[in-house]
Structures are given as structure tokens and as C-alpha cells.
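> take a look and give me a structure for this.
(chains A and B)
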Amino acid sequence: MKPSRVDLIALLLVLATGLSWWLGEGAALTQGHLGQAATLAVLALAVIKGALIALDYMELRHAPALWRRAVLGWLTVVIALVLLASLLPRS
Amino acid sequence: MSPLRRCASSPGGGRSLWPGEAGSTAALGGARASEACPLTGSTAPSLSLDEPRLAGDGMVWLLVLAELLAFGLLFVSFAMARWREPVVFAQGQAGLDLSTGALNTVLLVAASWAAVRAVAAFQRNRSVAGARWLLVALGGALGFLVVKGHEFASKLGAGFDWATDSFTVLYTLLTGFHFLHVVVGAVIFAVLWWNARSGVYGPDNHMAPASGAVFWHMVDLLWMVLFPLVYVIR
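You can find the predicted model right below:
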């Protein structure tokens, strides 16, 4: 059976999770801290995963634009604030 | 699109014109909810699949919105508190196992995928396959609960204090609330599977599984932020 878009997205989500795991498990750790580039990469992966779930699994791609914007906007704002707090020099 | 099709009052199946009745939809969604029917002169909600439509019941989406906002607040609090108290968080996060977090992500994704397949099966009138996919989704949810329960249990065994500093408080709130949502999701999948076995869901009646799936995808979506925030970024 030919894999559908839904199957490919599930595969992508698992691969992205594996990549995040690999980065966090040691590949990008220095003295127990995740580097800036890796932090950016991990959060970018989170945005991609979240957007795929929202657009394709929650079917927001075919929903009224306001709902689509609300959920994607939520994702963007939350990740942006997390990024800000993670990259600011720690006090 | 033929005028006849536009006037046909076919049930929406698993999609809703939300919010509420035709007419009010335009205000929130911009959907052309009601259009005059040239044949009868009456206005009928147009339910063609081309129209923008929310999957599942509209009430689930209100819940989704409320949950996203509540969790969003906790996510940002966690990130800000870590910025203010890096030592406390470094210590706390050192006690977290990234691998079980990743495994749980895979279990959530698998359940989401199975839920999508279940709804698609009901749409194609394949209720046996749909019930089977719901069982897979239930398995994913239960797997998550086992793995996460193990994490909580080992923390208890190690004498973890659930509310001593800002890390423990936020960790407990975030992962605890999320855990409870997975419990609810598992119950929903169990009930849907139970009903599906007697063949109640089909092309014209899959609002319940479609709504349950949306709830589960939200639980999945929340974890996609929670996992990097709490387990990966240190």
C-alpha cells in the first residue's frame, strides 16, 4: 500500500524527535548545557512538528483562517518567548 | 459547484460549521455559511467539503483554545524561571531522562497517527478497521502512561520533592497536567473503541471519533513544546 501524506508526517515527526534526542543526549552538550545553535535547532524542530500536527492532523489547513491563525500564532508566540528566555544571557 | 449540491442538506459527518448556526459563522470564520438557494429561495447551510470547516465538534475547539492558553502560560513561566535561576534548573533537569521523554514523544505521535487513520477509516465506511486503529491509539496512550508513570515512580523512590523550588513546582504542574490530559485521552479512545466495535461510526456519523482525535492531537501538540522545553534544552 502506498504511504499516504498522513503516514509520511508520522514518520517525519518521529525522525524530528530522534534528531532532538540526539542533539540533547550529548551531541550538542557542553558542560551539561545545550549550545545556542542546538537550542535554535531544537526549537525550530518543535515549530515544524507542532505546525504539522496543527495543519494536517487537526485539519486546520481546511479550517476557517481565524482558527488556523490562532493555533499557529499560539505556537509561534510560545516558542519565540521560550527562545528568548533560553538565549538571553543567564543572570 | 452545482446549485443543487449547494442546497442539499447533507449531514456534515465529522466536521462542524462552527460556531453555532449558519449565519454566525461568518463573523468568526469568514466561512460562507449560508447562501440563498436559487431553487427553493430558502437559505441552507452549505456543507460542501470545499468550505473551510473545523474537524470535530466546535466545543472541542473551545477546549483546545483554553488548554493552549493555560499550558502556554506554564511553558513561558518555565522558560523565564530557568533564565532567572539557571543553577536550580540545571540541577533539576540533570535528574530527567531524555530517552524516556523521546520514547514518550514517539508513543504520542503513534497514537495521533492511529487516530487520524481511524477517522479516515470511518469516513470510508470501514468500521472494523476504524475500531482497530482506535485500539492502536489506545495502546499508544496507555504506553505513554506506563512510561511516564515509571518516571514519576522513580522520582518518588529517589525522594523527589514535588514543590521545593521553582523547578520542581513547574515540572510537577506541567508534566502532571499533561499526564492527566493523556489519562482523559486514553479514556476517550477506550470509549470510542468500545462503541466502534458495535459499528456505530460510519461516513455519516463520525463526529465523536473526529472530536476525540482533535483532543488527542492537542495533547500531542502540547508535548511537542513540552519535550524540547523540559527535556532537551538545558
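> what residue spans form the domains of chain B?
For chain B, automatic domain parsing gives the domain ranges B:3-45, B:56-232.
> deepest-packed of the ones you listed, please.
domain B:56-232 (a mean of 19; mean count of other C-beta atoms under 10 Å in any protein chain shown). Backbone N, C-alpha and C define where each C-beta goes, glycine included.
> average pLDDT for it?
For domain B:56-232, mean pLDDT rounds to 94.
> ok, back up a step: looking at the domains of chain B, which is nearest to chain A?
domain B:3-45 (2.8 Å; C-beta to the nearest C-beta).
> related to what we said a few turns ago, got a markdown table for the domains of chain B, with distance to residue A:24 too?
A markdown table is the format used below for the domains of chain B (distance: least, C-beta to C-beta, whole Å):
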| stretch | distance to residue A:24 |
| --- | --- |
| domain B:3-45 | 37 |
| domain B:56-232 | 4 |
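> so which of those gets nearest residue A:52?
Using C-beta to C-beta as the measure, domain B:56-232 is the one of the domains of chain B that comes nearest residue A:52, at 9.1 Å.
> so how far is the helix or strand harbouring residue A:40 from its chain's centroid?
Secondary-structure element containing residue A:40, defined by DSSP states H and E: helix A:36-52. Offset of helix A:36-52 from its chain centre (C-alpha atoms, centre = their mean, to the nearest Å): 4 Å.
> buried set for it?
Buried residues in helix A:36-52, counted by 16 or more other C-beta atoms under 10 Å in any protein chain shown: A:38-39, A:41-43, A:45-47, A:49-52.
> of those, which are in range of chain B?
The overlap between those and the neighbours of chain B (C-beta under 8 Å from any C-beta of the partner chain) comes to A:39, A:42-43, A:45-46, A:49-50.
> return the closest of those with respect to residue B:83.
Among those, and counting by C-beta to C-beta, the member closest to residue B:83 is residue A:39, at 12.2 Å.
> that closest one reaches residue A:82, doesn't it?
No: when contacts are counted by C-beta atoms under 8 Å, residue A:39 is not listed as touching residue A:82 (9.3 Å).
> joint contacts of these two?
residue B:233 (C-beta atoms under 8 Å, 6 or more residues apart in numbering or on different chains).
> ok, for residue B:92, nearest residue in space, not its chain neighbours?
residue B:167 (3.5 Å; C-beta to C-beta, 6 or more residues apart in numbering or on different chains).
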